[in-house]
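# Task: produce atomic coordinates for the following.
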Amino acid sequence: TQSTGGCVWRSSVVLSRFLEQNSALVCGKSVVELGAGTGLLGISCHKLGAKIVSTDHEDFLTSCKQNFELNHIDPKMHCKALNWGSDIKQFLNDNDLTTPDIILGADIIYVEETFDLLMKTLLDLSATNIDCKIYLACQIRYEKDKKFIENSKEHFNVEVVSHTFDDNIKMFCLSLKPQLLT
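Residues are numbered from 1 along each chain as shown. All right, here's what the predicted structure looks like:
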């Protein structure tokens, strides 16, 4: 398709490969993926033993659901609509989900108009679990992309995650600063 959710982005491949080599990060953990697109990252996490919920805007979930089905993973259990900025506690309750241990996002930092909503969603999802980690993989294309990462340092401890898969893809691990935990 022509939408951003209809193709496999390199960042998703890089983050999937990273998690494959570091499977203890997700195995047995509650994982929420933001901006799932085709579902590659969620499928990888499921195969690694994660309790995964892949999310995206309702309009972009079709290919994710199809790919989950092709991999014999129940899309009703693992593919959920989530609009960034919406009530996260309500989302978790409505879908009978636990607080995430890990939040994943591959190439979700690109539309500046969504940055505030994305930041709110990251804050709300991570605020209820002191040990929650966020792994973001992205190709930093523009100054605005760098600015999002810099601005996230107001709320999160941000570490660059080294990998050897693709020099154009940057990976970050974010953890909520202790004073912001609820």
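# so where do the helices sit in this protein?
10-21, 40-47, 61-70, 75-78, 88-94, 115-126, 143-152 (DSSP state H).
# Quickly, which of those bottoms out on average pLDDT?
Per-stretch mean pLDDT for these is lowest at helix 75-78 (a mean of 87).
# dump the residue contacts of F91.
Contact partners of F91, counting by CB atoms under 8 Å, 6 or more residues apart in numbering, are 80, 82, 97. Bear in mind the C-beta positions are built from the backbone N, C-alpha and C, glycine included.
# so who does the second one touch?
In other words, L82. 34, 55-57, 91, 121 are the contacts of L82 under CB under 8 Å, 6+ apart.
# May I see the PyMOL selection of the buried members of those?
To isolate the buried members of the contacts of L82 in PyMOL, using 16 or more other CB atoms under 10 Å:
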select buried, resi 34+55+56+91+121
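# and the contacts of L82 as CSV, adding distance to I169?
What follows is the contacts of L82, written out as CSV (distance: CB to CB, whole Å):
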residue, distance to I169
L34, 17
T55, 21
D56, 20
H57, 23
F91, 28
T121, 22
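# Closest one to F156 out of the contacts of L82, please.
T121 (12.9 Å; CB to CB).
# gap between the closest one and S30?
16 Å (CB to CB, to the nearest Å).
# do Y110 as well
For Y110 relative to S30 (CB to CB), the value is 26 Å.
# Please apply the same query to F172.
When distance is defined by CB to CB, F172 is 20 Å away from S30.
# repeat for L125
11 Å.
# just N67 next, same as before
N67 is 21 Å from S30, by CB to CB.
# Over to M77?
Applying CB to CB to M77 and S30 gives a distance of 13 Å.
# can you check L48 too?
13 Å.
# now L122
Distance from L122 to S30, by CB to CB: 16 Å.
# okay, those two: which has more neighbours?
L122 (24 against 19; other CB atoms under 10 Å).
# Tell me the bridge partners for C138.
K170 (DSSP bridges).
# burial count for it?
Neighbours around C138, by other CB under 10 Å: 24.
# Report pLDDT for it.
Reading off the model, C138 has pLDDT 93.
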